[in-house]
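Novice: here are the coordinates; sequence isn't available:
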């Protein structure tokens, strides 16, 4: 109960901020993906950790990316583009390290992990594109 109260409190703080409509859109997408992952992990009890590990990397990187997109959106298109290019390089390195670390440190079934990772990667990057379009429209 305490966890749910804190989640709703954080969401209400974010929602009250006028500049964070884009972040709320991303948060709702993450909640949707966690719900889908919860449904699948309920059907496949022995694959819970693989499903949620696959979801955790793209969600973490996406929150950081959206944060920096919103933060630097008022500084002009050229500076925002520089931030996005630097973020792309950092994401490239992080995702490679994340997948290598997961596969070498943790012994598990790779297919559910890769399915969860791929689905969340595609959906969250599509949502980042939508958020970027909304930011550029302001």
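Specialist: Thanks, I have the structure now. Every value quoted in this text rests on a predicted model; they were computed, and no experiment measured them.
Novice: Which positions in the helix or strand harbouring residue 58 come out as buried?
Specialist: Using DSSP states H and E, residue 58 maps to helix 48-71. Residues of helix 48-71 classed as buried: 50-59, 61-62, 65-66, 69-70 (neighbour count, 16 or more other Cβ atoms under 10 Å). Using the backbone N, CA and C atoms, a C-beta is placed for each residue, glycine as well.
Novice: Quick one: name whatever helix or strand follows it.
Specialist: Moving toward the C-terminus from helix 48-71, the next helix or strand (DSSP H and E) is helix 77-105.
Novice: Next, the buried residues of that following helix.
Specialist: Neighbour-count burial for helix 77-105, counted by 16+ other Cβ under 10 Å, picks out 80, 83, 87, 91, 98-99, 102.
Novice: could I get these as CSV with pLDDT?
Specialist: Converted to CSV, the buried residues of helix 77-105 look like this (pLDDT from 0 to 100):
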residue, pLDDT
80, 86
83, 89
87, 91
91, 93
98, 92
99, 91
102, 88
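Novice: Rebuild those residues as a markdown table, extending it with distance to residue 115.
Specialist: Output for the buried residues of helix 77-105, formatted as a markdown table (distance: Cβ to Cβ, whole Å):
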| residue | distance to residue 115 |
| --- | --- |
| 80 | 33 |
| 83 | 31 |
| 87 | 25 |
| 91 | 20 |
| 98 | 16 |
| 99 | 13 |
| 102 | 14 |
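Novice: Which one of those residues is nearest to residue 131?
Specialist: Residue 131 lies nearest to residue 80 out of the buried residues of helix 77-105, by Cβ to Cβ, at 12.0 Å.
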